[in-house]
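Participant: Structure for the following, please:
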Amino acid sequence: MTSRPPTRVLISSDDRVLGDALASLLGAHGAEVHVGSLPSVLEVLRGDDNLRLLILVETGTDFRALDVLRTVKAEWPNLAVLFVSAMPSVEHAAESIRRGAEDFVPVPYSEEIVRKEVARILDAAELRDRVNSLDRLVATRYGFEGIISRSRVMRGVFDRAVAAARSETPVLIVGETGTGKELIARAIHANSRRASRDFIPLNCAALPRDLVESELFGHRRGAFSGALTEHPGLFVAAHGGSLFLDEVSELPLEIQAKLLRVLQDGDVRPVGGLESRRVDVRIITASNRSLTALRDKGMRQDLFFRLSVLVIEIPPLRDRREDLPILIAHFFNAMRERGGRRVEGIDPSALDLLSEYPFPGNVRELENMIEGLTVVLPADCGTIRQEDVRAWLHRRGISPPKRPTGTMHVSLKLDELEAWAIAEALRQSHGNKSAAAQILGISRDTLYRKLHDLGLDQQLSDSQT
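Facilitator: A predicted model of the protein is given here:
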């Protein structure tokens, strides 16, 4: 297991002696500290993307640190800042907080207070980072295609996933097959306090009925015919982490009763065993049935109410058709990154035709369709055409309309989509490029390069004049 890297802190001070004293204090407690003058703050920040905390120290009377604070928060809004000042007036403290400082510490200071304040700020910053990175983490590490969205109906999914990551509450994720339930579950785990421990998925519908109990709770050697060795079970394997039970309603009723006891008591007793073992496991469950079906006939009601403390309902793709362009573009990029064929885009008429199709297999079906169409696309053609989509639908016994209704009105090219995504991020960040880079999940240098390559830097410059 790799050790956690040291916390990196920048101390900028107009008093070198005071700055060095703070650096010595924090360095003794494991922080990696850099000390610089107030004028050098922006230069240091632009050269180090890994700083976790900025401590601004002022001992003079010209209030330069307040101006530096305002500039820093404008360009790095998510950077935690602690203000240390030898002018401890109520008005000065209030002004530093108003401009974005996490807290205000007067000089002379108590070393114990500084240590506790720094620890509190860093803990809060780490939690914010985990929560704010949920969308990006789901989108990259755990399958961007299953969760990428600019649809308003998906906003609630993200909000509830963030809430789930902050808590230990059991989560029930419901949605049709192919909507990305496991991706949401993995993201919740990865942004929770259990992120460093195992995430163990189990498809309850895929297990033979006579093996379910043993797989979940374990068994002792000789507990049944074929039990030649001892098996700890998935609850024990997931101790300290998260256990994801997909299609939980497919569990036999007797296993549901035992699962309920584990949730209530936290104790697991293996098949053939007399002693129970204490486990600490976060349970995340999922089902392709509706909440009404689960509650009324899908499973034991007491287990349903225990598992559904927090429910996340993922809408089907047909309810967020506006996501088709960005999903398709992502699949093009994913195939290219895997070394597959490069496809430049999809004709607007083909996209309109797809918008009429209900996609019963949801995002997973869309991905398979795009990959299949790309494979059979003529060698001299770099764009998916309407006739390609019609042929795909005919092979599945579907009769598409002769003339699509033209609901999408979108011409999709990868460069155009990338430009749209950057412009949207800049809009959300009110033009702050560092914040926009964080929204996009890329570095500032990468954002600047893309702005130049796409010709957006000149457009931005013109719009601001």
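
Participant: Can you tell me the closest non-neighbouring residue to Leu25?
Facilitator: Nearest residue to Leu25, sequence neighbours excluded (Cβ to Cβ, 6 or more residues apart in numbering): Glu111, at 5.6 Å. Glycine gets a C-beta too; all of them are placed from N, C-alpha and C.

Participant: ok, now how distant is that neighbour from Ile442?
Facilitator: Plainly put, Glu111 is 39 Å away from Ile442 if you go by Cβ to Cβ, to the nearest Å.

Participant: Compare neighbour counts for these two and give me the winner.
Facilitator: Between Glu111 and Ile442, counted using other Cβ atoms under 10 Å, the more crowded position is Ile442 (16 against 12).

Participant: How about that one: what's its closest non-neighbour residue?
Facilitator: In space, Ile442 comes closest to Lys450 once its chain neighbours are excluded; the distance is 7.7 Å by Cβ to Cβ, 6+ apart.

Participant: per-residue pLDDT, Leu127?
Facilitator: Note for Leu127: predicted pLDDT of 54.

Participant: Please apply the same query to Ala28.
Facilitator: In this model, Ala28 is scored at 77, pLDDT.

Participant: That one: how many residues sit nearby?
Facilitator: Neighbourhood size, Ala28 [other Cβ under 10 Å]: 11.

Participant: and the gap between it and Arg193?
Facilitator: Per Cβ to Cβ, Ala28 is found 27 Å from Arg193.

Participant: next one: Leu451
Facilitator: As defined by Cβ to Cβ, Leu451 lies at a distance of 37 Å from Arg193.

Participant: Now do the same contact list for Val41.
Facilitator: By Cβ atoms under 8 Å, 6 or more residues apart in numbering, the residues touching Val41 are Leu10, Ser12, Leu54, Leu56, Val68, Val72.

Participant: pLDDT (mean, whole number) over stretch 336-352?
Facilitator: In the prediction, stretch 336-352 has an average pLDDT of 79.

Participant: quick one, helices of the stretch 301-450 of the chain?
Facilitator: 301-307, 324-337, 348-355, 362-376, 386-395, 414-428, 433-440, 444-453 (DSSP state H, counting those that start in this stretch).

Participant: hmm, back to that, from the contacts of Val41, which land in helices?
Facilitator: Among the contacts of Val41, the ones falling in helices (DSSP state H) are Val68, Val72.

Participant: Closest one of the contacts of Val41 to Pro88?
Facilitator: Ranked by distance to Pro88 (Cβ to Cβ), these are led by Leu56 at 14.2 Å.

Participant: And the closest one, what's its pLDDT?
Facilitator: At Leu56, the pLDDT value in this model is 85.

Participant: just checking, it touches Arg70?
Facilitator: No - if you go by Cβ atoms under 8 Å, Leu56 and Arg70 don't touch, sitting 10.8 Å apart.

Participant: higher neighbour count, these two?
Facilitator: Using other Cβ under 10 Å, the more surrounded residue of Leu56 and Arg70 is Leu56, with 24 against 14.

Participant: Nice, that's everything, thank you.
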